[in-house]
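Asks: take a look and give me a structure for this.
(one chain, ligands or ions: 1)
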Amino acid sequence: MALWVNSWIAALVVGIITWGLILWCVVAYRRRKNTEGFPHQLSYNLPLEVFYLTVPLMIVGIFFVFTDREQKAIDDRFQDPEVVIDVRGKQWSWDFNYVKEDVHEDPGVQTHQTGALGARERVPILYLPVGKRVELQLNSRDVQHSFWVPAFLQKRDLYPDARQINRYISVTPGRTGDFDGKCAELCGEFHSEMLFRVKVVSEQEYASHIADLRARGNTGLRGDEYDRSPGQPALERQDQR
Ligand SMILES: [Cu+2]
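Replies: Coordinates of the predicted model:
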């Protein structure tokens, strides 16, 4: 937030100086009644050229440093997450595993499988307790997908192989609510149906939902056996906490 506001302030300061100089030139060097021919031409002015090359470079450099600092803070993985979710994207839905609780979410039903409309009620729902440090471990069962909850202001790709990038989202949900999520990486025919919801609920509701899942027999994690090519050395998933 501070980065956004301060960037605007910096941009406005530069803007006001630039607009001021433009206006000043227009007025001070306007064509007068008795002037003839071209105005005085100026080229290859070294100090001026050095000036207008270095100042923008400095501005970009400063923006870069602050943006990088902010991004690193956002990307920082929690050392001690209270909730760990193993997220598995697949053509064309999601599996959500509650790792510490050792239960898994109901798989959703997709429109193209049933032909029925009104699928929002039947997409997979990820429950998260409000105010807790949550680590999402991002995996894909087949092709590239992307985990996107617009309200989280963060989107991250899921990779099907062992590339050590984009593996985690660390988030602390700040308020309760029902948020829509979707796959943001074109992943095949029914990509547009790859929807899910995130319900951020109180700690008690979260606990009772987990108990519900357990009572319904959703014990254990939906693991590699559901992958398109199970047994492949995909992802070092052993680091689930
Ligand atoms: Cu997808």
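
Asks: quick one: average pLDDT of the longest helix along the chain?
Replies: The longest helix of the chain (DSSP state H) is helix 46-75. What helix 46-75 shows for mean pLDDT is 93.

Asks: packing partners for it?
Replies: Counting contacts by 3 or more CB pairs under 8 Å, 6 or more residues apart in numbering; DSSP states H and E, helix 46-75 packs against helix 2-28. C-beta: built from backbone N, CA, C; applies to glycine.

Asks: report the beta-bridge partner residues of Phe96.
Replies: Val87 (DSSP bridges).

Asks: flag every buried residue along the helix or strand of the chain with the lowest mean pLDDT.
Replies: In the chain, no helix or strand scores lower on mean pLDDT, DSSP states H and E than helix 111-114, which sits at a mean of 72. Buried residues in helix 111-114, counting neighbours by 16 or more other CB atoms under 10 Å, are found at Thr111.

Asks: quick check: residues of this protein near the ion?
Replies: Proximity of the chain to the ion, by CB under 5 Å from the ion, involves residues 145, 183, 187, 194.

Asks: can you dump the C-alpha coordinates of the least confident helix or strand of the chain into PDB?
Replies: The C-alpha atoms that make up helix 111-114 are tabulated as PDB, following Å, rounded to 0.1, in the frame of the first residue of the first chain:
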ATOM      1  CA  THR A 111     -20.900 -28.800 -15.800                       C
ATOM      2  CA  HIS A 112     -19.600 -30.700 -18.800                       C
ATOM      3  CA  GLN A 113     -19.700 -34.000 -16.900                       C
ATOM      4  CA  THR A 114     -23.400 -33.600 -16.000                       C
END
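
Asks: thank you kindly, that will do.
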